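Peer 1: take a look and give me a structure for this.
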Amino acid sequence: MRLFSHIAVAIVASMMSLMAYGQKVAPEQRVRLADPFILLHDGIYYAYGTHHPRGIEYYTSNDLKKWHYGGVALHRNNSYGERWFWAPEVYYVEGKFYMYYTAEERICVAVADSPKGPFKQTDKVAMLPDQHAIDNTLFVDDDGTPYLFYVHIKKGFHIKVAELERNLTNIKQETIKTCITPRQRWERAEGKVNEGPSILKHNNKYYMLYSGNGYKSKLYGVGAAVANNIRGPWKKLANNPILQCPEGLFGTGHGAPFYDKRGRLHYVFHAHHSAESVHPRFMCISRMAFRRIDGEMQPVISENYRIPQITK
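Peer 2: All right, here's what the predicted structure looks like:
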């Protein structure tokens, strides 16, 4: 099993080489997806996210600029839960597409033969039925071992990791371990929140991108942590957050890294509707790279962002 996280990331000497994306897009033309995730499959980009009240929608694009609405990839009739369909991520593994998502504050996984769906859960049960948990993300290491990172809600939002069975749907509960908790000041301005994790491997180190602060806060942002072992210990970067309120945007966070057709690394994330209103949130894309800062390689997200546009 090999995922995007196994591709070597080119070290970019200067963020000046990253494309300047920022431009104005009318609200009605924005891609209204929060907690976005982008999958590249067979030359087509698929974007999934939080928005639809009865399931998970998707959009498609050939160039990351113009996007077409695709419909509902996962409907509540085929899933666990009746509401609160959040934070989907889709991975192609050994001929099947696996969607990891949240419903009713429970983490779930559904399977399909196409990135368009329909995604279905044969057994309509949560992966951890007794835990309030959200934002599950898959990472398969170089030795083929699958891991699930997720957010456990108990006296704050904490990110945990567990090993999965090879079927990619069952958690080995004896392997559950806490990775990070909200202790940096910027993560606690409004709420005590670490959420939206995603994992990259670069030069034999593991990097976790995550979001901090309450999602309704204008100061919602993205932080990073690093570890030598997938199970930790994880050390947060001292210069966090690495993305917070780039010019013209508010409440920026809960995204995921992905590679484009040319092998360049990007980060997709959401922003608030405006300075006055959280909803509907919309999708943004920035270039991303690894740079040496204070003697250590660190992930850097460009503040020059692109706002994808819906087209018919």
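Peer 1: and the nearest residue to Pro246 once chain neighbours are set aside, what pLDDT?
Peer 2: Leaving aside its sequence neighbours, Pro246 sits nearest to Glu303 (Cβ to Cβ, 6 or more residues apart in numbering; 3.9 Å). The way it works is simple: take the backbone N, C-alpha and C, and place the C-beta from them, glycine included. For Glu303, the pLDDT comes out at 94.
Peer 1: you'd agree Glu303 is up against Leu249?
Peer 2: No - taking Cβ atoms under 8 Å as the definition, Glu303 is not a contact partner of Leu249, at 9.1 Å.
Peer 1: more crowded one of these two?
Peer 2: Neighbours around Glu303 and Leu249, counted as other Cβ atoms under 10 Å, are more numerous at Leu249. The numbers are 22 against 19.
Peer 1: if we ignore the residues flanking it in sequence, what's nearest the more buried one?
Peer 2: Nearest non-adjacent residue to Leu249, counting by Cβ to Cβ, 6+ apart: Ala271, 4.2 Å away.
Peer 1: that neighbour: what's it in contact with?
Peer 2: 249-252, 281-282, 284 (Cβ atoms under 8 Å, 6 or more residues apart in numbering).
Peer 1: look at the residue nearest to Pro246 and tell me its secondary structure.
Peer 2: Secondary structure, DSSP: H, G, I helix; E, B strand; the rest coil: Glu303 is strand.
Peer 1: that one and Arg262: what is the separation?
Peer 2: Remark: distance between Glu303 and Arg262 (Cβ to Cβ, to the nearest Å) = 22 Å.
Peer 1: then Asn229?
Peer 2: Counting by Cβ to Cβ - Asn229 and Arg262 are separated by 31 Å.
Peer 1: now do Asn304
Peer 2: 18 Å.
Peer 1: who has more neighbours, those two?
Peer 2: A direct count of neighbours by other Cβ under 10 Å for Asn304 and Arg262 places Asn304 higher, at 16 against 5.
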